[in-house]
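Undergrad: I'll drop the sequence and a predicted model, then ask my questions.
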Amino acid sequence: MLFNSYAFLFAFLPLSLLGYYLAGKLGKTAAIAWLALCSLTFYGMWNASFLVLLVSSICFNYAIGTAVGRSEEGRKKQYLFAFGVAANLAVLAFYKYLGPLVGFLQYYGLITSRAHLDIILPLGISFFTFTQIGYLVDRRDGLGENLDFLRYTVFVTFFPHLIAGPILHIREIGPQLLDRCVLRLKAECVAPGLAMFAIGLSKKVLLADPLSDVVAAGFGHSAAIALVPAWIAAAAYTLQLYFDFSGYSDMAIGIARMFGIKFPLNFDSPYKTRGAIEFWQRWHMTLSRYLGLLLYNPVAMRITRWRVAHGQKISHKALATPSAFFTMIMVPIFYTMALAGIWHGAGLQFLIFGLLNAFYLSANHAWRVFLPQNKKALPRRETVVLQVLLTYMAWTVSLVFFRSATCTEALHLLSGMAGLRGIGIPLHMVGALNKLGHAGRWIAQHTAKDDPLHIASLQTIVRLIATFAVVWAAPNSQQIMAAFSPVLEEIREPAPVRMQWRPNMAWGLVIGGLLCIDVMSFRQTSVFLYFQF
């Protein structure tokens, strides 16, 4: 079931909230049981057969987590933890990577079998698996709440985050599930939650979905398009992915808030950042946090201990040497981002996506370490704009691999973006170019060509400009909702007071109007892009 569907908006969500309100009158256990039932129903409506996998995963991880939490420090605890993590990864690898791996081996003749593995990828398996691995880590470190099985089930399956995140930690959600005051339906939760949901739904329906046709045309014909349509297609995808996933995150946060539960923030205007380090601190924030905790930090710590054991320095000053920078910065980054790329998909293009971002992060760190920085001097506006654009363009190149079906398709589009197939000014722009004098007429004469796919149509260009204006000039969702923060973190730089949401008639009309427009704009099957991961 999709958040952007009539069934969800007019049946599932209202009934879930009503049942939650009635169950809450019976007690907190009844309210928790109702949330668990609603969440399992939500998942089962996609494919009921995979409920067995989800419930089995929950039972297994709860048992392992309980055993790990009760075990004394020592080998038994470490073995239990390692077994739990390995089992989770084995299930994930079977569903996500076994089919592509067999196809790869068959293609290159490394195995002779011609059997085709038609393995269906369970919806949200990456997210509920990572959530539970994080739970095992917290239980090993003594950080997680000792929840009963029913509350643990809600922690894993709570339907706003079950399919595509945000990735939760038990230490964030556990205390809320144990708080009697949280498990009640309250107007001060429902109203801001509904507003946050409406903003996220508008991002998805009004900003992301209309770009899908342009993206599909550009990437589907990547071997034929020239510079202008290639860049338009790539830019359209960066915006489609941003508003699709940030819209989902807003909707998840809003729905959870309606039930009285706060989620962590997942997006914080990453396209306004001035470097790769800051970008990954504000793009899919719960995933970045997760990768740092489970991948980057253990590797970095092991390298640091190795250097200390071998008498090598680990100070900030020592970091400014090539060998120390390579081992202490680049190795953990490339390890982490390579696995992050593979997590998104089994193709080589996803690995390249991860490695490109590892290179960006390493270059950003090198800039900070090797070049002197005047921390007191404020950067000039031109410098800030240049840094933001450079960060965005680097991200765009990596997303070409992320979106492409194969590396060949990605390289075709990149060659078009590099101008290797000409500039490709569409014919409908010739009139405007002719008005620019001799130079404009020369450009029109030598670069104009037909655009049968209508990638560079005037409507698309205007839409892109308007969408970029929202990205770079408008406050984001949490800044608008700052006075009634629906997330766990404190909101930095709230929107101007006149632009912040308030429970009044004016904002009621705005949110109601947005929801009406969204409902009238629903497309037939507009799934969220991160559902495939």
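TA: Nice, thanks for sending it over. Numbering: from 1, shown residues only.

Undergrad: ok, which stretches of this structure are strands?
TA: 425-426, 448-449 (DSSP state E).

Undergrad: shaky segments in this structure?
TA: Applying pLDDT under 70 to the chain flags the ranges 107-108, 110, 112-117, 145, 373-378, 426-436, 438-454, 523-525, 530-533.

Undergrad: nearest spatial neighbour of the residue most central in space within it, skipping sequence neighbours?
TA: The residue lying closest to the centre of the chain (C-alpha atoms, centre = their mean) is residue 284, at 4.1 Å. Excluding its sequence neighbours, the residue lying closest to residue 284 (C-beta to C-beta, 6 or more residues apart in numbering) is residue 266, at 6.3 Å. In short, each C-beta sits where N, CA and C put it, glycine included.

Undergrad: That neighbour: how many residues sit nearby?
TA: 27 (other C-beta atoms under 10 Å).

Undergrad: dump the residue contacts of it.
TA: 165-166, 246, 249, 252-253, 284-286 (C-beta atoms under 8 Å, 6 or more residues apart in numbering).

Undergrad: neighbours around the residue lying closest to residue 177 once chain neighbours are set aside, how many?
TA: Once flanking residues are discounted, residue 177 sits nearest to residue 151: 4.5 Å by C-beta to C-beta, 6+ apart. Using other C-beta under 10 Å, residue 151 is surrounded by 22 other residues.

Undergrad: pretty sure residue 151 contacts residue 175?
TA: No: applying C-beta atoms under 8 Å as the test, residue 151 and residue 175 come out as separate, 10.7 Å apart.

Undergrad: I'd assumed residue 82 was in contact with residue 133.
TA: No: between residue 133 and residue 82 there is no contact under C-beta under 8 Å: 11.5 Å.

Undergrad: Run a quick neighbour tally on residue 507.
TA: Neighbours of residue 507 using other C-beta under 10 Å come to 15.

Undergrad: which ones are touching the closest residue to residue 206 other than its chain neighbours?
TA: Among residues not flanking residue 206 along the chain, residue 521 sits closest, at 6.2 Å (C-beta to C-beta, 6+ apart). For residue 521, the contacting residues are 205-206, 209, by C-beta under 8 Å, 6+ apart.

Undergrad: Most neighbours out of these, which is it?
TA: Most neighbours among the contacts of residue 521, by other C-beta under 10 Å: residue 205, with 24 neighbours.

Undergrad: how much space between that residue and residue 460?
TA: Taking C-beta to C-beta, to the nearest Å as the criterion, residue 205 is separated from residue 460 by 18 Å.

Undergrad: could you pull out the helices for the stretch 1-150 of the chain?
TA: Along the stretch 1-150 of the chain, the stretches classed as helices by DSSP state H, counting those that start in this stretch are 6-7, 13-24, 28-44, 51-70, 75-107, 125-140, 149-157.

Undergrad: So which of those is nearest residue 482?
TA: Among the helices of the stretch 1-150 of the chain, helix 13-24 comes nearest to residue 482, with 24.4 Å by C-beta to C-beta.

Undergrad: tally of neighbours for residue 503?
TA: Number of residues near residue 503 (other C-beta under 10 Å) recorded here: 13.

Undergrad: what do you get for the one 5 residues further on?
TA: Here the count is done by other C-beta under 10 Å, and residue 508 has 14 residues near it.

Undergrad: and the gap between it and residue 210?
TA: Taking C-beta to C-beta, one finds residue 508 at 26 Å from residue 210.

Undergrad: Now do the contacts for residue 328.
TA: 300, 303-304, 307, 314, 319.

Undergrad: how about the nearest residue to residue 368, chain neighbours excluded?
TA: Nearest non-adjacent residue to residue 368, counting by C-beta to C-beta, 6+ apart: residue 277, 7.8 Å away.

Undergrad: how many neighbours does that neighbour have?
TA: Residue 277, neighbours per other C-beta under 10 Å, totals 17.

Undergrad: For it, give me its contacts.
TA: 361, 364-365, 368.

Undergrad: Select from these every entry located in helices.
TA: 361, 364-365, 368 (DSSP state H).

Undergrad: would TSV of those residues with distance to residue 384 and neighbour count be doable?
TA: Putting those into TSV (distance: C-beta to C-beta, whole Å; neighbours: other C-beta atoms under 10 Å) gives the following:
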residue	distance to residue 384	neighbour count
361	20	21
364	15	20
365	20	19
368	16	12
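
Undergrad: Out of those residues, which comes closest to residue 404?
TA: residue 361 (21.7 Å).

Undergrad: Could I get the contacting residues of the closest one?
TA: 276-277, 280, 333, 337.

Undergrad: Alright, I will stop here.
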